[in-house]
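Participant: here's a sequence, model it:
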Amino acid sequence: MPADTVPIYPLYALLFVATGLSDAQVSALFAIWSAVAVVAEVPFGAFADRFSRKWSVVGAGADEHFGHVFGQVTAVGLPAQAPAALPAVALFSTGGFALVGWVSVATCLGAALVATRLPEAPRPEPGSYLAVLRSGLSETVRAPDVRLPVLVVAVPAAVDAVEEYFPLIAAGWRAPIGLAPPATVAIPLAGAAGAALGGTRAPSGVRCGGAAVLLGGAGLVGHPAGLAVVAVFYGVYRLVLVSAEARLQARITGDARATVTSVAGLGSEVFSFAVHGAWVVGGVVAVAVLVLPIAFAHGWERTRPEPDEPVVSPP
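Facilitator: Residues are numbered from 1 along each chain as shown. Predicted structure coming up:
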């Protein structure tokens, strides 16, 4: 199950701070999680291609519908944070961080048991594990139409690391700890709206850059009302990310689709270290500054034609 649907999710960053950890130490913990993903991302992507997409969760479908379906799936998943916020408030009020944590553990164990009952769709034998891994890495490195979209997915996806800091933003802007979950619940809802549009509406780098500027301004002011600006930024960001993911999937032609996708995931985890570092250096403002070149890169890549689009020379 997604981590953001368990009760501890909107509170765990505040738990770290409540135990006396500094911003740098909290970011170091987040970076450790990213480091684990760096090690495991590509091997498990190849595992999904070779053995089981039931045990390595992968989204797939017809190429022409991927953007719409992926946007809708993301849009459905993000609002799950809203009902999770309500139990978080009740559990925290009753038993503090300890009760929230143990209930979250039980929830994850229950989800794992349910996952073992999911059916596995039959598919042709794709070859050995190493052959699948080599195929995916080869397509990522050698195919120009895949290589750049992988990068353009990896870098924006890294920005999602800022989601870890939403509770800290709320607390820093004077929202009480117990009210942090409902105070930030509009942010994933805005992200869901952006994701839903990402499969049908092309974003622009200018729009994303403008949202980043607004985010930086909210960081300078530091008022609770600025959480509305964070929500707007996150909605635009999710629109951009879904669009970039769909563009990447449209350009993958080989059989090792999950492996290529996992390379983008690996890149996002590597780039997420920059997000954690930016938070330590300058909080919300530094993260907003980091997003600006990412917005420019996405806007430039969007001007490149799809493989089946004719290149029209100017008159």
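Participant: helices of the stretch 151-300 of the chain, start to end?
Facilitator: Using DSSP state H, counting those that start in this stretch, the helices of the stretch 151-300 of the chain run over 166-172, 180-184, 186-198, 205-221, 226-251, 257-302.
Participant: any idea of the mean pLDDT in the shortest one?
Facilitator: In this model, helix 180-184 has an average pLDDT of 81.
Participant: tabulate the CA atom coordinates of it in CSV.
Facilitator: Presented in CSV, the C-alpha positions along helix 180-184 are these (Å, rounded to 0.1, in the frame of the first residue of the first chain):
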residue,chain,number,x,y,z
ALA,A,180,-0.8,19.4,10.7
PRO,A,181,-2.6,16.6,8.9
PRO,A,182,-5.8,18.5,8.1
ALA,A,183,-3.8,21.7,7.5
THR,A,184,-1.9,20.0,4.7
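Participant: can you tell me what sits against that helix?
Facilitator: Residues outside helix 180-184 that contact it (C-beta atoms under 8 Å, 6 or more residues apart in numbering): 10-11, 14, 84-86, 88-89, 166-167, 169-171, 175, 224, 227, 230. For the C-beta atoms, the positions are set from N, CA and C on the backbone; glycine is no exception.
Participant: of the residues you listed, grab the buried ones for ChimeraX.
Facilitator: Listed next is the ChimeraX selection for buried residues among these, using 16 or more other C-beta atoms under 10 Å:
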select :10,11,14,84,85,88,89,166,167,169,170,171,175,227,230
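Participant: any idea how far the nearest residue to Cys208 once chain neighbours are set aside is from Tyr237?
Facilitator: Closest residue to Cys208 apart from its sequence neighbours, by C-beta to C-beta, 6 or more residues apart in numbering: Ala295 at 3.7 Å. Ala295 is 9 Å from Tyr237, where distance means C-beta to C-beta, to the nearest Å.
Participant: contacting residues around Ala288?
Facilitator: Ala212, Val213, Leu215, Gly216, Gly219, Phe233.
Participant: of those, which is the most crowded?
Facilitator: Counting neighbours by other C-beta atoms under 10 Å, the top entry in the contacts of Ala288 is Phe233, with 29 neighbours.
Participant: just confirm that one contacts Gly209, I think it does.
Facilitator: No - if you go by C-beta atoms under 8 Å, Phe233 and Gly209 don't touch, sitting 10.8 Å apart.
Participant: hmm, His276 is touching Ala35, no?
Facilitator: No - His276 lies out of contact with Ala35 (C-beta under 8 Å); the separation is 10.7 Å.
Participant: what about the two, which has more around it?
Facilitator: Between His276 and Ala35, His276 has the larger neighbour count (other C-beta under 10 Å), namely 25 against 14.
Participant: where in the stretch 1-150 of the chain is pLDDT low?
Facilitator: 1-5, 41-42, 44-73, 75-77, 79-83, 118-130, 132-134, 136-137, 139-149 (pLDDT under 70).
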